[in-house]
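coords please:
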Amino acid sequence: MKFLTSSLVALGLSHMVSAKTYFKEQFNDDSWKDSWVVSDWKKASGEAGDFEVTAGDFYGDKELNRGLKTTTDARFYAISKKFDEEFDNKDKDFVVQFSVKHAQKIDCGGGYLKLFPPGLDGKKMEGDSKYNIMFGPDICGSSTKKTHVIFERGDENHLIKNDIACETDQLTHVYTLVVHPDNKYEVLIDGESKRTGSLEEDWDMLLPREIKDPEQSKPEDWVDEVMIDDPEDVKPAGYDDIAKTITDPDAEKPDDWDDESDGEWEAPEIDNPEYKGPFMPKRIDNPEYKGKWEHPMIANPDFEEDPDMYHYTFGSVGIDIWQVKAGTIFDDIVVTDSVDEAAELRAATWEKTKDAEKKMFDEKEEERRAEEEAERKEAEEARKAAEEEDDEDDEDEEDLDAKIKAAKDEL
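Next up, the predicted model:
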């Protein structure tokens, strides 16, 4: 028993030693101003937005929930920070996690991070700057509400095949991407797994393993029509002679009809109850049907296995987004090779404060609704008072007109 306990402790210590945090930013003080680099991109045109650090108007813990906030509507935002040292994720798990709060009830804008390779010039970072991974929520109208997971490969950015829905409310949510050295991945939102799979299957980063056999094509005599017209269902004789409309037999010329002035009276037409429409023969199963033809597949001679699809070298992390309505707060960014460490940070931040944040948000929403209702009632009362005043003015004018008329009558 002592040996087993010692072994477990040793394994735990080994795990702690092997785990490494490459980057962590919680914006708990003003040191971010000296370490994060705001890009000059879009500054000359006046389209660059500014950041500030704040917990916003509602939060669970005012100090713990301080984060980097976008401040100006309809602006581009570009800011980055270099890692203390470049690193790669060869033979290791790679985890990036951060929180996003769309406190402004975002209608169109990004809320994602980018992980860049070494060599990025933060002052020149722009939308087209090459990145390794882009991850996080993106919302625009009713059509775009997804969590981006994009990998760069071969100078091309590859989007995940099937979208992962993102959170769309105004509260804080935590996004976690885990990439394993066996080319498997997992996306979590608020600690809940939303998608797992493989990089090969869920992205088109590699050529397909199989392709349609170029030597094969559907035979000319292949029958793939499931149903056919019944050859024994023949159109009855005289079927086409049935008129679509007939003269209404119940119609009578009106008594006041004058042929000389109104013209010759003609009875109106009505739908012929005997008319059945164009003849359509019955449909029956095609006895010659062979089934749906499927193109034979063969191994793709150009396919190349890549056990290192997951492998990247990283130099910095950044935010590169456009927002119609600003107010998003980014916080608790961590890049590590430990799933456990990311979970521990999530527990110490989001899980610790989410209930208090929700309570404060609900209270402020109730206050906002009460204020709007009070303003609505005030506006309604003002409208009614104005209408009553208009009515009194109209009555005064009528009295004045009556007095003027009476005076004239006396004269």
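
Count residues in the vicinity of Glu186, would you?
By other CB atoms under 10 Å, the residues close to Glu186 number 16. Where C-beta positions appear, they are placed from N, C-alpha and C, glycine not excepted.

again, but for Ile211
Residue neighbour count, defined by other CB under 10 Å, stands at 15 for Ile211.

Same check on Asp256?
As a burial measure, Asp256 scores 6 neighbours (other CB under 10 Å).

How about Glu152?
Residues within reach of Glu152, counting by other CB under 10 Å, total 19.

tell me what the host helix or strand of it is packed against?
Using DSSP states H and E, the element containing Glu152 is strand 144-153. When contacts are defined as 3 or more CB pairs under 8 Å, 6 or more residues apart in numbering; DSSP states H and E, strand 144-153 sits against strand 133-140, strand 156-159, strand 184-189.

Keeping just the C-alphas, turn the shortest one into CSV.
In CSV, the C-alpha atoms belonging to strand 156-159 read as follows (Å, rounded to 0.1, in the frame of the first residue of the first chain):
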residue,chain,number,x,y,z
GLU,A,156,-4.4,28.2,-46.7
ASN,A,157,-6.8,28.7,-43.8
HIS,A,158,-9.0,25.7,-43.3
LEU,A,159,-12.4,26.1,-41.6
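
now stretch 273-289, how far from the chain's geometric center?
Computed by CA atoms, centre = their mean, to the nearest Å, the chain-centroid distance of stretch 273-289 equals 47 Å.

How about stretch 165-172?
On CA atoms, centre = their mean, the centre of stretch 165-172 falls 10 Å from the chain's centre.

ok, and what's touching it?
65, 99-105, 111, 136-139, 145-147, 173, 175, 189-190, 194, 329, 331, 350, 353-354, 357-358, 361 (CB atoms under 8 Å, 6 or more residues apart in numbering).

Output that stretch in CSV, but only the C-alpha positions, please.
Coordinates of each C-alpha in stretch 165-172 appear next as CSV, following Å, rounded to 0.1, in the frame of the first residue of the first chain:
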residue,chain,number,x,y,z
ALA,A,165,-22.6,27.0,-32.2
CYS,A,166,-21.4,29.7,-29.9
GLU,A,167,-23.0,31.4,-26.9
THR,A,168,-25.0,34.6,-27.8
ASP,A,169,-26.1,36.1,-24.5
GLN,A,170,-24.4,39.0,-22.7
LEU,A,171,-22.7,36.9,-20.0
THR,A,172,-19.2,35.6,-19.7
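
Check which residues of it are buried.
By neighbour count on 16 or more other CB atoms under 10 Å, the buried set for stretch 165-172 is Cys166, Glu167, Gln170, Leu171, Thr172.

Quick check: bridge partners of the last one?
Counting by DSSP bridges, Thr172 is bridged to Lys101.

on that earlier part again, among the contacts of stretch 165-172, name the buried ones.
Buried, going by 16+ other CB under 10 Å: 65, 99-104, 111, 136-139, 146-147, 173, 175, 189-190, 329, 331, 350, 353-354, 357, 361, out of the contacts of stretch 165-172.

Which parts of this structure are helices?
2-18, 32-35, 199-202, 259-262, 339-348, 350-410 (DSSP state H).

any idea which strand is longest in the protein?
Looking across the chain with DSSP state E, the single longest strand is strand 75-88.

before we move on, the earlier item: could you export the helices of the chain as JSON lines, including distance to Tyr131 and mean pLDDT?
Conversion of these to JSON lines gives the following (distance: least, CB to CB, whole Å; pLDDT from 0 to 100):
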{"stretch": "helix 2-18", "distance to Tyr131": "27", "mean pLDDT": "43"}
{"stretch": "helix 32-35", "distance to Tyr131": "19", "mean pLDDT": "94"}
{"stretch": "helix 199-202", "distance to Tyr131": "16", "mean pLDDT": "97"}
{"stretch": "helix 259-262", "distance to Tyr131": "83", "mean pLDDT": "86"}
{"stretch": "helix 339-348", "distance to Tyr131": "20", "mean pLDDT": "98"}
{"stretch": "helix 350-410", "distance to Tyr131": "25", "mean pLDDT": "85"}
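
Would you reformat the ones you listed as JSON lines and include distance to Glu47?
Formatted as JSON lines, these follow (distance: least, CB to CB, whole Å):
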{"stretch": "helix 2-18", "distance to Glu47": "45"}
{"stretch": "helix 32-35", "distance to Glu47": "22"}
{"stretch": "helix 199-202", "distance to Glu47": "34"}
{"stretch": "helix 259-262", "distance to Glu47": "74"}
{"stretch": "helix 339-348", "distance to Glu47": "34"}
{"stretch": "helix 350-410", "distance to Glu47": "31"}
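
Which one, of those, ends up nearest to Pro296?
Each of those has some distance to Pro296 by CB to CB; the shortest is helix 199-202, at 22.0 Å.

could you dump the closest one to CSV, C-alpha only?
C-alpha atoms of helix 199-202 as CSV (Å, rounded to 0.1, in the frame of the first residue of the first chain):
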residue,chain,number,x,y,z
LEU,A,199,-8.1,16.9,-37.7
GLU,A,200,-8.1,14.8,-40.8
GLU,A,201,-11.8,14.1,-40.8
ASP,A,202,-13.2,17.5,-39.7
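
which residues touch that helix?
Here helix 199-202 makes contact (CB under 8 Å, 6+ apart) with 151, 160-162, 179, 183-185, 195, 205-206, 309-310.

try stretch 156-164
Residues contacting stretch 156-164 (CB under 8 Å, 6+ apart): 131, 134, 146-152, 187, 194-195, 202-205.

ditto for stretch 251-263
The contact list for stretch 251-263, computed with CB under 8 Å, 6+ apart, reads Trp265, Ala267, Pro268.

For burial, what's the neighbour tally of the residue nearest to the last one when sequence neighbours are not counted?
Ranked by CB to CB, 6 or more residues apart in numbering and with sequence neighbours excluded, the top spatial neighbour of Pro268 is Asp248, at 5.2 Å. As a burial measure, the neighbour count of Asp248 was computed by other CB under 10 Å and equals 12.

so where do the strands sit in the stretch 101-250 of the chain?
All strands of the stretch 101-250 of the chain, identified by DSSP state E, counting those that start in this stretch, fall at 108-110, 113-116, 133-140, 144-153, 156-159, 172-179, 184-189, 192-198, 210-212, 227-229, 245-247.

Adding distance to Phe58 and mean pLDDT, write these out as CSV.
Listed next are these as CSV, based on distance: least, CB to CB, whole Å; pLDDT from 0 to 100:
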stretch, distance to Phe58, mean pLDDT
strand 108-110, 19, 96
strand 113-116, 23, 98
strand 133-140, 19, 97
strand 144-153, 22, 97
strand 156-159, 33, 97
strand 172-179, 10, 98
strand 184-189, 20, 98
strand 192-198, 23, 98
strand 210-212, 53, 95
strand 227-229, 62, 95
strand 245-247, 70, 92
